[in-house]
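1. got a predicted structure plus its sequence, pasted below:
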Amino acid sequence: MLSWLERQIPKIILAPTFAAVTVFVYGFIAWTAWISLTKSRLLPNYDFAGLIQYRRLFDNPRWDMAMGNLMVFGLLFILLSMVLGLWLAILLDQQIRAEGLIRTIYLYPMALSMIVTGTAWKWMLNPGLGLESLVQRWGFDGFRFDWLVDPDRAIYAIVIAAVWQASGFVMALFLAGLRSVDGEIIKAAQVDGIPDWRIYASIILPSMAPVFMSAFIVLAHLAIKSFDLVVAMTGGGPGYATDLPATYMYAMAFSRGDLGQAASSAMVMMMVIFAIVVPYLYSELRAKHD
Amino acid sequence: MAPILEIRNLSKTFGETRILRDIHVAVDPGNFLVLVGPSGCGKSTLLNCIAGLEAPSGGHIRIGGRDMAGVNPKDRDIAMVFQSYALYPTMSVARNITFGMRVRGIDRAVQERKLAEVAEQLQIGHLLDRRPAQLSGGQRQRVAMGRALVRDPMLFLFDEPLSNLDAKLRVEMRTEIKRLHQQLGRTMVYVTHDQVEAMTLATHIMVMKDGAIQQLGTPAEIYRAPANIFVADFMGAPVMNLIPARLRRSGGEARLEIDRPGGTPIVFESTPLPGPLPDEVILGLRPEDITEAGRGGDGPSETVECRIDMVEPAGADTYVVSSLGGRPVTARLPPDTAAEPGAVLPLAFDLSRMSLFRPKTGERLN
Amino acid sequence: MTDQPVPLSAAPAGMRVTRPRLRRMALRAGLYAMLAGFAAFYLLPLFVMVTTSLKGLEEIQSGSLVALPREITFEAWSKAWSGTCTGIQCEGLRPFFWNSVAMAVPAVILSTLIGALNGYALSHWRFRGSNILFGAILFGCFLPFQVVLMPMARVLGLLGLAGSIPGLVLVHVVYGLGFTTLFFRNFYVTVPGELVRAAKIDGAGFFRIFASIFLPLSLPIVTVTVIWQFTNVWNDFLFGVSFSQAGSQPVTVALNNIVNSTTGVKEYNVDMAAAIIAGLPTLGVYVLAGKYFIRGLTAGAVKG
């Protein structure tokens, strides 16, 4: 009897986590999924109503705006962070003195809350007293840098802050990837007289495909969940110019009292993330089994 | 005397794969059983089943006459030495050795006394305060042995304990284990893939392949009379010569006939063959059963002129390689032999020590 | 990053035509100039935050964004800490800072502890279905929290934890478990199984083996996990803004309320001081234990 109990200990240890995951992850997903298929407004209504909420969602110009913004923001954020991160990693891979210090400087934004980042950049990009007035003071009177208050450009201002925060992290990923390339291959290429840039382009970068992939996954994940930065910098404005799915969902859930819309927008966000993550996880797991 | 370890009809399956089948063995007190075989043959799984670290799928294990079904490893009165030594990395040597006694709540004075005894026996007294990371491979090995010795169990289990050591240390530690066995007179079960270890340590050897016993016997039996081609090939270095041969029958008697390159076949005229045999056989002869003709050959032997392909001096012996039946055949000659590559040398074949195998199944015929 | 980098610029002598010395030096100078330029880009916001927080409002209005303060004043700091208004309250950031501490400390300890036990059980005490369970836990790492916000709000209400710090602790523990379990499992998987087997034969059970063998090995991974969890919990905004009320808000929510309140004169110096205060704990952790911080980030990136 005691021996039986002893053998159950691992299961007993994992039971609370199992219960928590079942309820708080899968149960909650199910709840939200169900609500997204009802006519719930301020209070949950559990009568099935088909895809009505999704129809409302896709008919809503504000949601269109949010998804469009996500496309622009996501693409630019991912692209710029990757390019900048890779470039910084290559620069740092050149036998740099004080590499540790420089790396620390490039990466510290990742330790900050998005709210702190947003506050800092909001101040710097503020047209009256920020960078715009700084450059004007230097004598360029016609200089305009008022993206933050320009409905057509505000989303780019958020991209700048987001890239500032995440590119150092991408650099760290790439640097680790560069350093893990087999040194003998590089030596062999050097002996063959291949120029440095060719070694990067033809040997090192192609072997880092998995690093590119995981950087992409992390950045895409960050982009889709982006919420804090927008709240801190623009609050979704001017108007709805910088609304993202996450801010839309929050507004529906907590200020508009429209549970059905909140649920359906959350479900769409989750499906977008899983559309990206699941194939990646699947290929990762399969690669490990081979 | 009742056997210390008795295994009956043991099997182990993992999903569809059968890892062990039909394992029967009994180990008497004081015996040293070596489980030997290539990797994946199931020998480590068998050891883990004995230790209670894995549950068998069928059959019985008895240790000291007690059925072990459902008995935890700690209650089996065993100790085990692992391949990686499995020393607890954050504990000192002394704590590594006494951990089991601490867990069992044994009196501190007893712990100290036993620790001192074992340290004395293995000469590791000066290492007691060190961490495993600060020890050499050989020292770690000794500590791992100390941890087993201090248990003073009914049965010792060893899982390839020497395979992480370099060649020289391995020989030293092998001797050390042998000495311990003789000193303590305890029952031991030892897993290895190294047939030299098996031959030197064992009182009994179990050769395994694909989860089944190939042969169980004393080292001499296994060496002289391998039960099949697998055992013949696996045990002994350099390996047994396995030469394809035909039977030439005339009258009521049969003679062995072997092809050789570019010449007439050899017929071993003066050796009549025993019993009923198939037309084709594999002749197994150890290199030491083929010697230079006219030099110290005592038994009845057949002399054959052989062209030497290669000469490999190995210090105490010189091995010469010729070709018979389409196979290279190695003979063990004294180091002062005049054999030279390309020359023809008369070699004496001692067929009284031969093994004959059936080519298809590999089973022993004589 | 433990591997010795292969210097591309240091090919074996005689294997390559040596570049003219001057050109080489020019290249190196350009390289360092570029690195310094990027360093300026990353440091600029911090520099501006610090200098702005040390200026008076008048100097901010009249002076340049990047100018050093003519007169250093800590007024903005003391106001940000204990005087500025967050909505209706005017007690500064202080109470909210302590809210964050009261939330982060138990959340980090609990999720690390549970993650360690989970990881240990999942790596060395496997049972039928344990791999599926691990996959199910891991899946939670990718969850966009928007999906759980509404049911969580209702469940916290049912448990009587709505708008309370224990409620936030619960949320952070539950949704932190995926990563803490992942970290510990991946670390413990590298511990040889023979150690566990040896200890079993020595008579130790589940907890004894954990306490005597695994815990003493765990300092590096505990550090990584604690830093990862602390950074995430401290910097969280979404859960904070969704599940807290006036008295229980974490510091990030309070900071946002200060900065984005529309009433009164904009006190940029106070905003900056508040932002630095809110960011200081995680920044401090980063400066003190950057190595472990990066290790957590990259470990998390591999799977999450």
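-> Cool, the structure landed.
2. interface residues of chain B facing chain A?
-> Within chain B, the positions near chain A by C-beta under 8 Å from any C-beta of the partner chain are B:G70, B:N72. C-beta coordinates here come from the backbone N, C-alpha and C atoms, glycine included.
3. tell me, how many neighbours does B:P328 end up with?
-> Using other C-beta atoms under 10 Å in any protein chain shown, B:P328 is surrounded by 12 other residues.
4. show me what contacts it?
-> B:D309, B:V321, B:S322 (C-beta atoms under 8 Å, 6 or more residues apart in numbering or on different chains).
5. give me the three-state assignment for it.
-> Counting by DSSP: H, G, I helix; E, B strand; the rest coil, the backbone at B:P328 sits in strand.
6. same deal with C:T190?
-> Following three-state DSSP, C:T190 is assigned to coil.
7. point out where the chain drops to low pLDDT.
-> Picked chain A for this. Segments of chain A classed as low confidence (criterion: pLDDT under 70) are A:1-2, A:285, A:287-290.
8. look at chain C instead
-> Counting by pLDDT under 70, chain C contains low-confidence ranges at C:1-19, C:262-264, C:299-304.
9. so where do the helices sit in it?
-> In chain C, the segments counted as helices under DSSP state H are C:21-53, C:57-62, C:75-82, C:94-124, C:130-139, C:146-158, C:165-188, C:193-201, C:206-209, C:219-235, C:238-243, C:251-259, C:268-288, C:290-303.
10. what separation is there between A:W197 and chain C?
-> Plainly put, A:W197 is 10 Å away from chain C if you go by C-beta to the nearest C-beta, to the nearest Å.
11. and that residue, what element?
-> A:W197 is located in helix A:196-198, with elements delineated by DSSP states H and E.
12. how about the residues of the stretch 51-200 of chain C by chain A?
-> Taking C-beta under 8 Å from any C-beta as the test, the list of the stretch 51-200 of chain C residues beside chain A reads C:52, C:60-61, C:64-66, C:114, C:117-118, C:121-122, C:125-127, C:130, C:133, C:136-137, C:139-140, C:142-152, C:154-155, C:174-175, C:177, C:181.
13. select only the buried ones of those in PyMOL?
-> Here is the PyMOL command that selects the buried residues among these (16 or more other C-beta atoms under 10 Å in any protein chain shown):
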select buried, chain C and resi 52+60+65+114+117+118+121+122+125+130+133+136+137+139+140+142+143+144+145+146+147+148+149+150+151+152+155+174+175+177+181
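14. so A:L86 sits against A:V170, correct?
-> Yes. The criterion here is C-beta atoms under 8 Å, and A:L86 meets it with A:V170 at 7.3 Å.
15. more neighbours: which of those two?
-> Neighbours were counted for A:L86 and for A:V170 using other C-beta under 10 Å; A:V170 has more, 30 against 24.
16. quick one, what contacts the more buried one?
-> Listed by C-beta under 8 Å, 6+ apart, the contact set of A:V170 reads A:S81, A:M82, A:L84, A:G85, A:L86, A:A89, A:A215, A:L219.
17. tell me the spacing between the fifth one and A:A172.
-> Spelled out, it's A:L86. Applying C-beta to C-beta, to the nearest Å, the value for A:L86 to A:A172 is 12 Å.
18. the helices of chain C: which one's closest to B:E221?
-> Nearest to B:E221, of all these, is helix C:193-201, at 32.0 Å by C-beta to C-beta.
19. how about that closest one: buried residues?
-> Of all the residues in helix C:193-201, those buried under the rule 16+ other C-beta under 10 Å are C:E194, C:L195, C:V196, C:R197, C:A198, C:A199, C:K200, C:I201.
20. any chance of the residues you listed in TSV, with distance to B:P265 too?
-> Output for those, formatted as TSV (distance: C-beta to C-beta, whole Å):
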residue	distance to B:P265
C:E194	55
C:L195	60
C:V196	61
C:R197	56
C:A198	59
C:A199	63
C:K200	61
C:I201	59
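21. export the helices of chain C as TSV, with columns for distance to B:I106.
-> Putting the helices of chain C into TSV (distance: least, C-beta to C-beta, whole Å) gives the following:
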stretch	distance to B:I106
helix C:21-53	60
helix C:57-62	74
helix C:75-82	59
helix C:94-124	26
helix C:130-139	34
helix C:146-158	50
helix C:165-188	29
helix C:193-201	15
helix C:206-209	15
helix C:219-235	30
helix C:238-243	51
helix C:251-259	53
helix C:268-288	44
helix C:290-303	40
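22. so which of these gets nearest B:R21?
-> B:R21 lies closest, by C-beta to C-beta, to one member of the helices of chain C: helix C:193-201, at 23.6 Å.
23. give me the angle between that closest one and helix C:165-188.
-> Here the directions of helix C:193-201 and helix C:165-188 differ by 110 degrees (axes from the mean of the first three to the mean of the last three C-alpha atoms, to 10 degrees).
24. for helix C:193-201, packing partners?
-> If you count contacts as 3 or more C-beta pairs under 8 Å, 6 or more residues apart in numbering or on different chains; DSSP states H and E, helix C:193-201 packs onto helix B:43-51, strand B:78-81, helix C:206-209.
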